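Colleague: Build me a structure from this.
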Amino acid sequence: MKAHLLIVDDEANTLASLSRAFRLAGHEARVCDNAAKALELAKAQNFDLILSDVVMPGKDGLALLEELKQQGVSTPVVMMSGQAHIEMAVRATRLGALDFLEKPISTDKLLLTVDNALKLQRLERENRQLRQRLGKHEIVWKGETMRRLVAQLERVAASESRVCILGETGTGKELVARTIHDRSPRSSGPFVTLNCAAVPAELIESELFGHEKGSFTGASGRHIGKFEQADQGTIFLDEIGDMPLQMQAKLLRVLEEGEIERIGGDKPIAVNVRVLVATHRDLEARVREEKFRQDLFHRIYVYPLVLPPLRERGEDIPALVKHFAEQVCSQNGWKPVPFSSESMQALQSYSWPGNVRELRNIVERIMLLATDGRVDADTIEMALPHSPAGASGGKTDSSGTLAERVQSFEREVILAEVKRSQNNITLAAKTLGLERSHLYKKAEQLGIDLRALRREQGGTE
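Modeller: Numbering: from 1, shown residues only. Prediction:
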């Protein structure tokens, strides 16, 4: 695994010999002869590891280590010294040093230390990613449509083939890409994503390939791009159909040659990356319209995986609802709430224009509305968008400002809770977590006359 290292030592011969050893081993090495400059470099650039001498004129290596931690620099640091003793090693460890090496250091031991540090860093990164993804990223299915797709996914995951994931927005294209990576021989490597539609055209090259310090206005330090970050792993380029044409030509070169070049760089950098792409657009139509390069299309369209919209996999909805409901309840410390058969039928009859992403949001809304310990058809009616088109296969109603839509939702929640509490305003306020006077005030702002409602339908304060 290639690394970008910073070596700090006041002896020129040491800097020269260490940097040469690292470069011969395939790493990149930046050298520095004092702690002040090293701190400046570490804050400006992304290094994989800092190797620092302890005894130096002025600020020593231990003071540098302490300042790095205070400044929030998380790069692992290995200390080395020709005047090592137990107290020095203990202090370095307490300050956060990853390791402590005694000079003279053999090249083999030094390279082994670097490799171990990189492996540890990778494991920590993967653990963070796993904690973020745990319980969140899982393909949930029951029906034949998804069974066939998962079988395809399993076969292609074991290969090095490029995969083009196609489907409407919200169908779970990134989830499928993550699953391919996790089940591939590259699963121990990084999984790096970039949404091509979310990055301005003038910045996408830097995001993909990185840049050197001073290569353009605002480039205050070296930036490692997504392709380098994904070395030995997988890069997922979402919404590739929206990538600018000029950038498509540069991406094509990288796919053909397996090399990238940072903006402002003077040499190509080899990368070993599996490329997965996704789009909700018709790429073949984009090629005909000359909005997408045909040669790039043939490079990425090796194995297409078409994700069905949720309206075509209604048999999966009960399993998805159960999965999302458990997630929401776990995240909020709520008790699970049962769904009636009528409520599930109502969810299965809805057209889901926003696909699985919309279902996840609706389930969370249902959990908030289900204050009486169960989900019935009335709960679903309140949770789903109030639009004839939405219920019959068209699009959901998207009229009104955000404030208007929030007010509409709040009104529905209050009316539902008052009805559920049999017009007992005190009970409704308590269930909603509000003071009774606050509930009256909120209802008045939303055009609800709680007193009149209570008089008409009976109930208590």
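Colleague: next SSE after the helix or strand encompassing Ser17?
Modeller: Taking DSSP states H and E as the criterion, Ser17 maps to helix 12-24. Going down the chain from helix 12-24, the next helix or strand is strand 28-32, by DSSP H and E.
Colleague: who does that next one pair up with?
Modeller: Strand pairing for strand 28-32, using DSSP bridges, gives strand 4-8 (parallel).
Colleague: can you give me how far the partner strand is from the chain middle?
Modeller: Offset of strand 4-8 from its chain centre (C-alpha atoms, centre = their mean, to the nearest Å): 29 Å.
Colleague: relative to helix 12-24, how tilted is that strand?
Modeller: Strand 4-8 and helix 12-24 are oriented at 170 degrees to each other (axes from the mean of the first three to the mean of the last three C-alpha atoms, to 10 degrees).
Colleague: Not counting its own residues, what contacts strand 4-8?
Modeller: Outside of strand 4-8, the residues within contact range by C-beta atoms under 8 Å, 6 or more residues apart in numbering are 15, 18-19, 22, 27-35, 38, 41-42, 45-53, 56, 61, 64, 75, 114, 222, 224. Where C-beta positions appear, they are placed from N, C-alpha and C, glycine not excepted.
Colleague: Output it in CSV with nothing but the alpha carbons.
Modeller: In CSV, the C-alpha atoms belonging to strand 4-8 read as follows (Å, rounded to 0.1, in the frame of the first residue of the first chain):
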residue,chain,number,x,y,z
HIS,A,4,2.6,9.7,1.7
LEU,A,5,5.1,10.3,4.5
LEU,A,6,6.6,13.3,6.3
ILE,A,7,10.1,12.7,7.7
VAL,A,8,11.4,15.2,10.3
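Colleague: At which residues are the helices of the stretch 51-200 of the chain located?
Modeller: In the stretch 51-200 of the chain, helices defined by DSSP state H, counting those that start in this stretch lie at 61-70, 86-94, 107-133, 144-157, 173-182, listed in chain order.
Colleague: can you put the ones you listed in TSV and add mean pLDDT, distance to Phe409 and mean neighbour count?
Modeller: Listed next are the helices of the stretch 51-200 of the chain as TSV, based on pLDDT from 0 to 100; distance: least, C-beta to C-beta, whole Å; neighbours: other C-beta atoms under 10 Å:
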stretch	mean pLDDT	distance to Phe409	mean neighbour count
helix 61-70	89	46	19
helix 86-94	83	53	14
helix 107-133	72	28	14
helix 144-157	92	31	14
helix 173-182	95	27	21
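Colleague: and Ser215, that's in a helix?
Modeller: No. Applying DSSP: H, G, I helix; E, B strand; the rest coil, one finds Ser215 to be coil, outside a helix.
Colleague: Now it: closest residue in space that isn't a chain neighbour?
Modeller: Gly264 (2.5 Å; C-beta to C-beta, 6 or more residues apart in numbering).
Colleague: Which pLDDT does the model give that neighbour?
Modeller: Note on Gly264: pLDDT of 94.
Colleague: same question, the one 10 residues further on
Modeller: According to the per-residue confidence, Arg274 scores 97 in pLDDT.
Colleague: Name the nearest residue to it, ignoring sequence neighbours.
Modeller: Among residues not flanking Arg274 along the chain, Thr234 sits closest, at 4.7 Å (C-beta to C-beta, 6+ apart).
Colleague: Next, the residue nearest to Ser215: phi, psi?
Modeller: Reported as degrees, to the nearest 10, the phi and psi values for Gly264 are phi 90, psi 0.
Colleague: wouldn't it be in contact with Gly210 here?
Modeller: No. When contacts are counted by C-beta atoms under 8 Å, Gly264 is not listed as touching Gly210 (9.3 Å).
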